[in-house]
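>>> prediction below, plus the sequence it came from.
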Amino acid sequence: MKRIAHIENDMSDKFGIPRQSGLVCDVISTIVFEPKYRNADAVKGLEDFSHIWIIWEFDTDTGKTSEEWSPMVRPPRLGGNTRVGVFATRSPNRPNPLGLSCVKITEITSSERGPLIRVAGADLKNGTSILDIKPYLPYTDSHPEASGGFADDHLNDTLNVIWSKDISPSLPDDIYKAASELLSQDPRPSYQNDPGRIYGMKYAGYDIRFKVDDKTLTVTEVEPA
């Protein structure tokens with residue numbers, strides 16, 4: 001497999017990255033092609049599509065090697081204790097460390113680094129290797145009647161985000177909105193439920209600290225990372 005591109009965004013840490021693509025659309029990412037593939041002809045016609053599929057590679061610190069794969073995994077959304085088959089999940093711990101994400105194209109531009117594809121809703125860490133890009137075809141890729149298995153039971157697992165006084169005004173508006181969306185998805189492991197614990201999430205050059213009590217997440221401190 002060849003790395004054709006990589007992604008650039010403000011998500012520099014594994015903690016806090018959305019569990020699925022399309023959940024946090026205020027986070028804008030840029031797909032940057034590797035030198036060999038910086039050819040404008042390769043993306044000609046892509047501007048007519050609204051969404052694309054990205055096939056990408058999990059980082060070594062995200063998943064295990066293929067030799068260590070397990071047929072059963074513990075999905076975080078099931079509390080980290082219930083085991084299900086690896087092929088019934090999108091866990092990174094699988095025989096081949098491949099991810100699949102559907103993202104929205106916001107802009108395609110030209111630069112000294114070749115064509116750049118800006119997308120919304122990516123669930124990839126900054127620098128992640130991209131192996132392929134394919135257009136999303138709504139007439140065949142969309143199945144509104146489909147069943148989502150155990151994931152359907154957790155569609156509304158979001159948190160109400162509250163910023164402590166004087167914190168949010170100090171952040172640029174785009175960073176504040178994106179960080180709020182990321183935090184609302186509850187970046188904590190599902191098995192952790194300690195109202196007194198302070199967590200930290202790095203985003204856009206900031207270290208955002210917060211605590212969670214029931215369904216309310218309170219941002220307690222923000223410092224430059």
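Perfect, I can see it now.

>>> distance from the chain centre to the strand or helix carrying H6, please.
In this assignment (DSSP states H and E), H6 forms part of strand 5-8. In terms of CA atoms, centre = their mean, to the nearest Å, the centre of strand 5-8 is found 13 Å from the chain centre.

>>> show me what that strand is in contact with.
Contacts with strand 5-8, where a contact means CB atoms under 8 Å, 6 or more residues apart in numbering, come from 29-34, 37, 54, 56, 122, 124-130, 133. Heads up, the C-betas are built off the backbone N, CA and C, glycines and all.

>>> and I55, how many neighbours does it have?
For I55, the count of nearby residues is 15 (other CB atoms under 10 Å).

>>> the nearest residue to it once chain neighbours are set aside: neighbouring residues, count only.
Closest residue to I55 apart from its sequence neighbours, by CB to CB, 6 or more residues apart in numbering: D132 at 4.2 Å. Neighbourhood size, D132 [other CB under 10 Å]: 14.

>>> my guess is D132 is in a strand, correct?
Yes: counting by DSSP: H, G, I helix; E, B strand; the rest coil, D132 is found in a strand.

>>> re the thing from before, narrow the contacts of strand 5-8 to those that are buried.
For the contacts of strand 5-8, a burial check counting by 16 or more other CB atoms under 10 Å picks out 29-33, 37, 54, 56, 122, 124-125, 128-130, 133.

>>> out of those, who's nearest P195?
K125 (28.4 Å; CB to CB).

>>> mind listing what's buried in the longest helix that the chain contains?
In the chain, with assignment by DSSP state H, the single longest helix is helix 173-184. Neighbour-count burial for helix 173-184, counted by 16+ other CB under 10 Å, picks out I175, Y176, K177, A178, A179, S180, E181, L182, L183, S184.

>>> then stretch 151-159?
A151, L159.

>>> how about residues contacting it?
Taking CB under 8 Å, 6+ apart as the rule, stretch 151-159 contacts R77, G148, L183, S184, Q185, D186, V212, K215, T216, L217.
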